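A.B. asks: sequence unknown, structure follows:
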């Protein structure tokens, strides 16, 4: 029973999850808490420490280390969180503080990067040296493994696939630039576009409005997905437009990175799984044929567990 | 005088160049020939072999190996040229044939990848682990080094930066897709756009037409560059549009790869060097601030020698 294990932590703007993960990437135990954003960094760090102790107490041996994926920008090496808008953090030395208080080696990375580690080592990217993960949720994020190496880049921000330009004359994105992939196909953008077209054309938008209990402000990605399945023409047109955007963005990524596997995950993909086949088909028509001659377009394998499993796997890689 | 050296070869659609390169990346001797495309693969390979022998004869010791950069798609490991439209080649086992006939180790790669090797090891990327080279010539090509590793991808096509989408509703590109960077800012596209706007508006296009000797079909990138310098409003508007496209494309690349140095080369850049400053400025406004916080935007250092120097450097790396 003394087999090695590590702690994986997924720290997002709404919830904090910590898991006891074994060397095969299996979750043996987990702890969840809502993220106490209002309490500031100190309160959140205290909760993280509490979760780590809870997992450690139940185990016979100490873990080999702790991996943390946090929704924000993280400095390489130091693991300092330089900016995390959803946590309202700037320059929080998370790695150093956790390490000091728990007395175990700790490595902090970005949450999407952690999920990419998870997919690479235990999910849909297993055994492959060239993968690109794209997670389409409220925003769009990703990570890239090329030649058997997780890309980090100069400031540890490589893989920001949500902010590739697909339409330089398009709408303003939250990042300030125009026509980013996220601003035309991320969950927040889909929700906004759906509400706008229903408001502009309530007669044709009747089905979506009904599905949202008659309240435009309740329309979201799930509403659109259900309306598409229900054969609603307006929702279908919206979805066709989103597919075109995702294909354009995926073509850019396939041409630039030439992955063997394009791994698609996140709430929008799991909610509308037919997107995977449509993106695949579009890529064969639009990306360079040499760049997709061996390409597989597949769903992520670990779903919402990718973050904790990946963070734990990173700790194994780094400290074991 | 027995210092190690290697042969670097740059095989393009119009000329073939071979050079004796020392371990410091200096060219000691070079041979040039027009590419005999009409003669087919056998004639070109014969010319390459002739150049190699010419360089070898003049040297006291044999080279450590031969590196070849060829304008086309090259298979990893085997060095087979799968497709080279400018040479009219398909599936030519160039590496194997050269190796057999000269009895030296040979490595074949793509010409733009070779130039990226040159810039990385001896040019503007020297000493840096994260660079992105973008060469804007007739087409647009590039190469990426990330974490100290040259990216190859699944089919050896990583770094096809000319075919990232900047305007998904834009004009058709030569690759079949719409609104690729190359289709809106490559040399062939600039030439086409300039001719079109002059033809549509000969009065305003007077200066460019004059500079081209009164013949629309003689208008090219140089014409546009000279007209911009001469203060011509039409050429300036065209150039402003090209800058916007290059900034959009560079933003995508900086956000996705997060290089420390964006290295710009190729005929369009050397002909219009002010593009570098304008792309730099645009990036600071449009790319993610975290992704360009340490970014330098600089000109390529080896100009047209990058190809032979890089091919020779690759041979050194591989065989020495």
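C.D. replies: Done, it's in. Given the structure is predicted, the values throughout are model-derived calculations rather than measurements.
A.B. asks: if we look at the helix or strand containing residue A:48, which residues are touching it?
C.D. replies: If you go by DSSP states H and E, residue A:48 is part of helix A:40-57. Under the criterion Cβ atoms under 8 Å, 6 or more residues apart in numbering or on different chains, residues A:7, A:9, A:11, A:16, A:18-20, A:29, A:31, A:33, A:35-37, A:62-63, A:66, A:68, A:87-89, A:92, A:94, A:97-98, A:101-102, A:104 lie in contact with helix A:40-57. For every residue, glycine as well, the C-beta is placed using N, CA and C.
A.B. asks: Now the element after that helix, going C-ward?
C.D. replies: Once the chain leaves helix A:40-57, the next helix or strand it forms, by DSSP H and E, is strand A:66-70.
A.B. asks: Quick one: mean pLDDT for that following strand?
C.D. replies: For strand A:66-70, mean pLDDT is 98.
A.B. asks: And stretch A:289-302, by the same measure?
C.D. replies: Taken as a whole, stretch A:289-302 carries a mean pLDDT of 97.
A.B. asks: about what we covered before: the helix holding residue A:48: how far from the chain's middle?
C.D. replies: For helix A:40-57, the distance between its averaged C-alpha position and the chain's averaged C-alpha position is 23 Å (Cα atoms, centre = their mean, to the nearest Å).
A.B. asks: Same check on stretch A:24-31?
C.D. replies: Between the mean C-alpha position of stretch A:24-31 and that of its chain there is a distance of 19 Å (Cα atoms, centre = their mean).
A.B. asks: Flag every buried residue along it.
C.D. replies: When burial is assessed from 16 or more other Cβ atoms under 10 Å in any protein chain shown, stretch A:24-31 yields the following buried residues: A:25, A:27, A:30-31.
A.B. asks: Make a markdown table out of those and add pLDDT.
C.D. replies: Converted to a markdown table, the buried residues of stretch A:24-31 look like this (pLDDT from 0 to 100):
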| residue | pLDDT |
| --- | --- |
| A:25 | 96 |
| A:27 | 97 |
| A:30 | 95 |
| A:31 | 96 |
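A.B. asks: of these, closest to chain B?
C.D. replies: Distance to chain B, by Cβ to the nearest Cβ, is smallest for residue A:25 among the buried residues of stretch A:24-31, at 23.7 Å.
A.B. asks: give me every residue that touches that closest one.
C.D. replies: Residues touching residue A:25, when contacts are defined by Cβ under 8 Å, 6+ apart, comprise A:118, A:121-122, A:309, A:312-313.
A.B. asks: and whichever residue of the stretch 51-200 of chain A sits closest to chain B, how many neighbours?
C.D. replies: Of the stretch 51-200 of chain A, the residue with the smallest distance to chain B, taken as Cβ to the nearest Cβ, is residue A:153 at 2.7 Å. By other Cβ atoms under 10 Å in any protein chain shown, 26 other residues sit near residue A:153.
A.B. asks: looking at this, it is in a helix?
C.D. replies: No: when the secondary structure is assigned by DSSP: H, G, I helix; E, B strand; the rest coil, residue A:153 falls in coil instead of a helix.
A.B. asks: Now do the phi/psi pair for it.
C.D. replies: Dihedral pair for residue A:153: phi 80, psi -170, per degrees, to the nearest 10.
A.B. asks: Quick one: residues contacting it.
C.D. replies: With contacts taken as Cβ under 8 Å, 6+ apart, residue A:153 has the following neighbours: A:159, B:130, B:146, B:257-259, B:291.
A.B. asks: buried stuff in the helix holding residue A:48?
C.D. replies: Using 16+ other Cβ under 10 Å as the burial criterion, the residues of helix A:40-57 that qualify are A:41, A:44-45, A:47-48, A:51-52, A:55-56.
A.B. asks: count of residues packed around residue A:318?
C.D. replies: Residues within reach of residue A:318, counting by other Cβ under 10 Å, total 15.
A.B. asks: Give me the three-state assignment for it.
C.D. replies: Remark: residue A:318 carries the secondary structure label helix [criterion: three-state DSSP].
A.B. asks: and the gap between it and chain B?
C.D. replies: Computed as Cβ to the nearest Cβ, to the nearest Å, the residue A:318 to chain B distance reads 15 Å.
A.B. asks: Where is the longest helix in chain A?
C.D. replies: Residue-count comparison of every helix in chain A, with assignments taken from DSSP state H, identifies helix A:233-257 as the longest.
A.B. asks: Write out the residues of the stretch 101-250 of chain A neighbouring chain B.
C.D. replies: With Cβ under 8 Å from any Cβ of the partner chain as the criterion, the stretch 101-250 of chain A meets chain B at residues A:130, A:146-147, A:149, A:151-161, A:163-169, A:175-179, A:244-245, A:248-249.
A.B. asks: Drop the exposed ones from those and show what's left.
C.D. replies: Once neighbours are counted (16+ other Cβ under 10 Å), the buried part of these comes down to A:130, A:146-147, A:151-161, A:163-168, A:175, A:177-179, A:244-245, A:248-249.
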